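K.L.:
after the sequence you'll find the predicted model.
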Amino acid sequence: MLLDAVGLSQSGRPELVQGEVERLIIDKVDLSFEGRGGVVGSTSDKYTGGYAVLTSHRVLWIDAAASPSAGLSCFVPLSAIHSTEVSKYSWAKKAPKLKLSTYESEDGRPAAGGMGAVRVGKVSLVCHGGITEKIREQLDLALQQKAWRQSEASVSGQTHDRVDGSRAASASAAGPRSHPGVNVEFLEQLVSMGFSHNRAIRAILATHNTSVAAALDHIFAFYHDPTLDYELDGDSAGWVLVNSSNADDSLQTVRPPVGSAGVMGIMRKQEEQAKEATKSLQTAFQDLEALMGMAHTMVGLAEKFHSKLRGAGTTSDDELMDEETMSELIRMGIASPVTKESAGARYHQELARQLSDFLLAPLERAGGMMTLTDVYSLFNRARGTALISPDDLLQASGLFPSLGLSLRLHTFASGVIVIQSLSHSDSKVAETIGGLVADDAKCQAPISASDVAKAMKVPVTIAQEHLLTAEQHRVLCRDDGPEGLRFFRNFFWDAAG
């Protein structure tokens, strides 16, 4: 089975799509295929030396040997998984396997939702660390919640009506295509009402050609489901599964409840969604534990509110205040923070990678160096309720070199600990401070740490270290007298030069 590659950040962390959050990280995992599979151009019967990341949308396999480069990293979309199975220990097997039975299209790739599937293939996660109840529980929850449908709906929802209209117009002009097992009269009536060809076919099949009214009930009950507009190939396995009278109950479309049709059905569904949103907000702020559990829902609501306000524009102070509030919610922090519960044995490694990605912009604004205390405060603020300890931060920062990241933990002789980027240069710092004490500079001699802090926009603690660095580079000389420690331009070195 051919799989798509995973995009990684500069630190080697997987790049998540809109609305996607990490659920669990599984260490020491190999990826096994039926026959050959994997990334195009690098197919094999097995990928080794990696780890798996279970998200709300995908099962990612990360090539740890190539990190921070992507290497052979690839993923299986959860929407293409038909079922899962655990192959436990035996005398012939060194590690248990988590088998993912996946819909496979004609070109050998995973078929999302089973659309265009011609067979069901298998991709196995060989877990050398064992398969715990937590792994099964998180995978089952992810498959049950189907969070990827919300992302698909948010992307396709804005163009849904336009697509329906254009498809209906083309279908009316050319006439509805015939499909086996579909009542043509019902299909013509639904298409003439303005519904898309694929949506009408699915509704008729789901209601077993009962009546147009039953098909309408189904359409309005699942009006916001974008998968109903996907092409349904009459020769594919997905079509056979939907159209077969003896298909498994788990593959049949659920018939909508009575009273969900028409405009009232749509309004009732919107009211239910509004109640769910209100309930999520109330539950999330009841206590700390609930807030942590509802973090993903809160981020989704904040993004939704912000997009609504931005699309509608602001016409009053109240609306402007609401927009600012929503912007603050979105800027509040990291949507999917690494935790000990989700990362397990890889906690400090993944924390180091996430910290590296997070500090790219703050370090650039701070001149390439920040004290560890400032990093601790800023990072914990961004993580919200998923706080980390100072010891965790120190351990994660110490892993920067071994993980090949572009940051370093540095301790000055004074004991001040900072995180700095590899692009930071002591020579450039000395040159900058030399410009501050030049004859035509604004800062006249003597110069102090407060002068440097103001000129370079850095904390006084770091400014003091910059002065000592400039002294080591013979740009400054010190005067430690009754008025305290002051620095002057090293005119002795100028004269010698």
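P.N.:
Great, that's in hand.
K.L.:
next up, identify which helix or strand residue 48 is on.
P.N.:
Using DSSP states H and E, residue 48 sits in strand 44-55.
K.L.:
can you list the strands that that strand pairs with?
P.N.:
strand 22-37 (antiparallel), strand 58-63 (antiparallel) (DSSP bridges).
K.L.:
lowest average pLDDT across those?
P.N.:
Per-stretch mean pLDDT for the strands paired with strand 44-55 is lowest at strand 22-37 (a mean of 91).
K.L.:
just the strands paired with strand 44-55: most buried one?
P.N.:
strand 58-63 (a mean of 25; mean count of other Cβ atoms under 10 Å). No exception for glycine: its C-beta is placed from N, CA and C like everyone else's.
K.L.:
show me what the next helix-or-strand element following it is packed up against.
P.N.:
Using DSSP H and E, the helix or strand that directly follows strand 58-63 along the chain is strand 74-77. For strand 74-77, the packing partners by 3 or more Cβ pairs under 8 Å, 6 or more residues apart in numbering; DSSP states H and E come out as strand 4-5, strand 58-63.
K.L.:
export those to JSON lines and tack on distance to residue 141?
P.N.:
Shown next, in JSON lines, are the helices and strands packed on strand 74-77 (distance: least, Cβ to Cβ, whole Å):
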{"stretch": "strand 4-5", "distance to residue 141": "24"}
{"stretch": "strand 58-63", "distance to residue 141": "13"}
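K.L.:
out of these, nearest to residue 39?
P.N.:
strand 4-5 (5.3 Å; Cβ to Cβ).
K.L.:
helices or strands up against the closest one?
P.N.:
Partner elements for strand 4-5 (3+ Cβ pairs under 8 Å, 6+ apart): strand 74-77.
K.L.:
what separates the strand it packs on from the chain centre, distance-wise?
P.N.:
14 Å (Cα atoms, centre = their mean, to the nearest Å).
K.L.:
quick one: the next helix or strand along the chain from it to strand 58-63, angle?
P.N.:
As assigned by DSSP H and E, the chain's next helix or strand after strand 74-77 is strand 81-87. Strand 81-87 and strand 58-63 are oriented at 60 degrees to each other (axes from the mean of the first three to the mean of the last three Cα atoms, to 10 degrees).
K.L.:
quick one: pLDDT of residue 49?
P.N.:
Reported pLDDT for residue 49: 90.
K.L.:
tell me the contacts of residue 204?
P.N.:
Residue 204 makes contacts with 182, 183, 186, 187, 190, 215, as judged by Cβ atoms under 8 Å, 6 or more residues apart in numbering.
K.L.:
tell me the average confidence for whatever helix or strand it lives in?
P.N.:
Taking DSSP H and E as the definition, residue 204 sits inside helix 197-206. In this model, helix 197-206 has a mean pLDDT of 83.
K.L.:
ok, which of the helices and strands packed on strand 74-77 comes nearest residue 455?
P.N.:
strand 58-63 (43.6 Å).
K.L.:
thinking again about what came up before, can I get the strands paired with strand 44-55 in a markdown table with distance to residue 44?
P.N.:
As requested, those are arranged in a markdown table below (distance: least, Cβ to Cβ, whole Å):
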| stretch | distance to residue 44 |
| --- | --- |
| strand 22-37 | 6 |
| strand 58-63 | 12 |
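K.L.:
among these, single out whichever gets nearest to residue 144.
P.N.:
It's strand 22-37; of those, that one is closest to residue 144 (Cβ to Cβ) at 12.1 Å.
K.L.:
quick one, domains of the protein?
P.N.:
4-145, 155-260, 266-330, 340-421, 426-496 (automatic domain parsing).
K.L.:
what's the least confident stretch among those domains?
P.N.:
Among these, domain 266-330 scores lowest, with a mean of 57.
K.L.:
any chance you could map the helices in the stretch 51-200 of the chain?
P.N.:
With DSSP state H, counting those that start in this stretch as the definition, the stretch 51-200 of the chain shows helices at residue ranges 133-145, 147-156, 160-174, 184-192, 197-206.
K.L.:
export stretch 425-441 to PDB, keeping only CA atoms.
P.N.:
The C-alpha trace of stretch 425-441 is given here as PDB (Å, rounded to 0.1, in the frame of the first residue of the first chain):
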ATOM      1  CA  SER A 425      27.400  35.200  17.400                       C
ATOM      2  CA  ASP A 426      29.400  36.700  20.300                       C
ATOM      3  CA  SER A 427      31.500  38.600  17.700                       C
ATOM      4  CA  LYS A 428      28.300  40.300  16.400                       C
ATOM      5  CA  VAL A 429      27.300  41.200  19.900                       C
ATOM      6  CA  ALA A 430      30.700  42.700  20.600                       C
ATOM      7  CA  GLU A 431      30.500  44.700  17.400                       C
ATOM      8  CA  THR A 432      27.000  46.000  18.200                       C
ATOM      9  CA  ILE A 433      28.100  47.200  21.700                       C
ATOM     10  CA  GLY A 434      31.200  48.700  20.100                       C
ATOM     11  CA  GLY A 435      28.900  50.800  18.000                       C
ATOM     12  CA  LEU A 436      27.200  52.000  21.200                       C
ATOM     13  CA  VAL A 437      30.400  53.500  22.600                       C
ATOM     14  CA  ALA A 438      31.700  54.900  19.300                       C
ATOM     15  CA  ASP A 439      32.500  58.600  19.200                       C
ATOM     16  CA  ASP A 440      29.300  59.400  17.300                       C
ATOM     17  CA  ALA A 441      27.100  57.000  19.300                       C
END
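K.L.:
and it, what's buried?
P.N.:
429, 430, 432, 433, 434, 436, 437 (16 or more other Cβ atoms under 10 Å).
K.L.:
can you check stretch 203-212 too?
P.N.:
203, 204, 205, 206, 207, 212.
K.L.:
how about these in TSV, adding distance to residue 334?
P.N.:
Formatted as TSV, those follow (distance: Cβ to Cβ, whole Å):
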residue	distance to residue 334
203	41
204	46
205	43
206	40
207	45
212	49
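K.L.:
nearest to residue 118, of the residues you listed?
P.N.:
Using Cβ to Cβ, the buried residues of stretch 203-212 come closest to residue 118 at residue 205, 18.9 Å.
K.L.:
ok, back up a step: give me the distance from the strand holding residue 48 to the chain's centre.
P.N.:
Using Cα atoms, centre = their mean, the offset of strand 44-55 from its chain centre is 19 Å.
K.L.:
could you export it as CSV, CA atoms only?
P.N.:
The C-alpha coordinates for strand 44-55 follow below in CSV (Å, rounded to 0.1, in the frame of the first residue of the first chain):
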residue,chain,number,x,y,z
SER,A,44,9.7,-1.8,1.2
ASP,A,45,8.0,-4.7,3.0
LYS,A,46,8.9,-3.1,6.4
TYR,A,47,10.0,0.3,7.8
THR,A,48,12.1,0.1,11.0
GLY,A,49,13.5,2.4,13.6
GLY,A,50,10.6,4.8,14.1
TYR,A,51,7.7,5.7,16.3
ALA,A,52,4.0,6.2,15.8
VAL,A,53,1.9,9.3,16.5
LEU,A,54,-1.9,8.8,16.8
THR,A,55,-3.8,12.0,16.1
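K.L.:
tell me which residues of it come out buried.
P.N.:
47, 48, 50, 51, 52, 53, 54, 55.
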